[in-house]
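Asks: Give me a 3D structure for the following:
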Amino acid sequence: MDWMLLGLLAGAITSSGFIPQLVRGFRTKKLDDISLYMPVVLISGMTLWLLYGIMLHDISIMIANSVGVSCNLLLLTMKKIY
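Replies: You can find the predicted model right below:
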C-alpha cells in the first residue's frame, strides 16, 4: 500500500470535518455557539504539526495541516466578524 496515499486520504477526511461548520457559519452569520478557544488551540497544534511535516518533508502532513490551519483561521475570522 502507498503510505503517502493513506496519509493524504486521512488528511482529506480530517480536514473536511471543518467544512460543515464553515458553511453553517457563512449561511447563518452566527457563530455564538463556537468557543473562541477551540480554533485557537487547533491552530496552535496544527501549526506545530505543519512544522513537523516540513521538517520530515512529508507532503501529506503538510497539506492536511495547512488546510486545517486555514479552515480554523477562517472560522476564527468569521467568529470575529459575525
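
Asks: Can I get the helix or strand bottoming out on mean pLDDT in the chain in PDB? Just the C-alpha atoms.
Replies: One helix or strand of the chain scores below all others by mean pLDDT, DSSP states H and E: helix 3-15, with a mean of 92. What follows is helix 3-15, C-alpha atoms only, in PDB (Å, rounded to 0.1, in the frame of the first residue of the first chain):
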ATOM      1  CA  TRP A   3       1.500   5.100   2.700                       C
ATOM      2  CA  MET A   4       1.500   8.700   1.200                       C
ATOM      3  CA  LEU A   5      -1.900   8.000  -0.300                       C
ATOM      4  CA  LEU A   6      -3.100   6.800   3.000                       C
ATOM      5  CA  GLY A   7      -1.800  10.000   4.700                       C
ATOM      6  CA  LEU A   8      -3.400  12.200   2.000                       C
ATOM      7  CA  LEU A   9      -6.800  10.300   2.400                       C
ATOM      8  CA  ALA A  10      -6.600  10.700   6.200                       C
ATOM      9  CA  GLY A  11      -5.800  14.400   5.900                       C
ATOM     10  CA  ALA A  12      -8.600  15.000   3.400                       C
ATOM     11  CA  ILE A  13     -11.200  13.200   5.700                       C
ATOM     12  CA  THR A  14     -10.000  15.000   8.800                       C
ATOM     13  CA  SER A  15      -9.800  18.500   7.200                       C
END
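
Asks: Which helix or strand lies directly C-terminal to that helix?
Replies: Downstream of helix 3-15, the next assigned helix or strand under DSSP states H and E is helix 19-28.

Asks: and the least confident helix or strand of the chain, which residues are buried?
Replies: Applying a neighbour-count criterion of 16 or more other C-beta atoms under 10 Å, one finds Gly7, Leu8, Gly11, Ser15 buried in helix 3-15. Using the backbone N, CA and C atoms, a C-beta is placed for each residue, glycine as well.

Asks: With that, I have no additional questions.
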